[in-house]
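# next one to model:
(chains A and B)
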Amino acid sequence: KAGVTQTPRYLIKTRGQQVTLSCSPISGHRSVSWYQQTPGQGLQFLFEYFSETQRNKGNFPGRFSGRQFSNSRSEMNVSTLELGDSALYLCASRAFQGNTEAFFGQGTRLTVV
Amino acid sequence: GESVGLHLPTLSVQEGDNSIINCAYSNSASDYFIWYKQESGKGPQFIIDIRSNMDKRQGQRVTVLLNKTVKHLSLQIAATQPGDSAVYFCAENGGGATNKLIFGTGTLLAVQP
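Next up is the predicted model:
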């Protein structure tokens, strides 16, 4: 059974640009959550999608957005990139909402220059 | 200026010894907890979980203990091996149907051969 797949693995973007990251959850899993990991702030929750609906959102500016498709794949978008957006962006896959195992992908390393 | 990273507590152990990694969680309503292992350049790897109706759960070479009275979790690794060297995070699920995980700052486990 394939794990969580995130693409691309690495990205370099310039300030002011926008970026789209992709996450394919484990087959059959319907919940996708996104996290930002930085040395300064650790792992921070961005948002959560279940059945194509955003269920929960973290304390990030509106430049951060996401969506989920009918096949449970999810994308997140960051517009008007800032240097501080440089981070490892991680996607977590769960079978359903609630107390169940969450499995992470390898992440997308975004560098903003 | 230069950003300052989170100060990661470090646990240094000899190969073959048992390791105990501790974590204090924040929300008394949290009812589900997960331990993750993260190696350099990789996403967090699920190790073991525990629900709030349990005090202890055992896996292969690992045991998680939960003390709800003082909001404390611990991860015990038996016969620690060099391959166990990584950063370990505890995560709490905030209760209810949310899939938002709140992560601790992490502990760096360094296994000396």
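# could you look up the SS state of A:Gly84?
Of the three states, A:Gly84 takes helix according to DSSP: H, G, I helix; E, B strand; the rest coil.
# need phi/psi at the residue lying closest to B:Asn22 once chain neighbours are set aside.
Across the structure, with Cβ to Cβ, 6 or more residues apart in numbering or on different chains as the measure, the residue nearest B:Asn22 apart from its sequence neighbours is B:Ser74 (5.0 Å). From N, CA and C alone the C-beta is placed, and that goes for glycine too. Reported as degrees, to the nearest 10, the phi and psi values for B:Ser74 are phi -140, psi 150.
# next: B:Asp84.
Torsion angles at B:Asp84 (phi, psi; degrees, to the nearest 10) stand at phi -80, psi -10.
# that one touches B:Asp17, doesn't it?
No. Judged on Cβ atoms under 8 Å, B:Asp84 makes no contact with B:Asp17 at a distance of 10.6 Å.
# more neighbours: the two, which one.
Each of B:Asp84 and B:Asp17 has its neighbours counted (other Cβ atoms under 10 Å in any protein chain shown); B:Asp84 has more, 19 against 12.
# how much space between the more buried one and B:Tyr25?
When Cβ to Cβ, to the nearest Å is applied, the distance between B:Asp84 and B:Tyr25 equals 22 Å.
# on that earlier part again, who's the residue nearest to B:Asn22 bridged to?
Partner residues in beta bridges with B:Ser74: B:Asn22, B:Leu65, with DSSP bridges as the criterion.
# and the strands in chain B?
Secondary structure of chain B (DSSP state E): strands located at B:10-14, B:19-24, B:32-38, B:45-51, B:56-58, B:62-67, B:72-77, B:86-93, B:101-103, B:107-112.
# coming back round to it: and for the residue nearest to B:Asn22, the neighbour number?
The burial metric for B:Ser74, expressed as a neighbour count using other Cβ under 10 Å, is 16.
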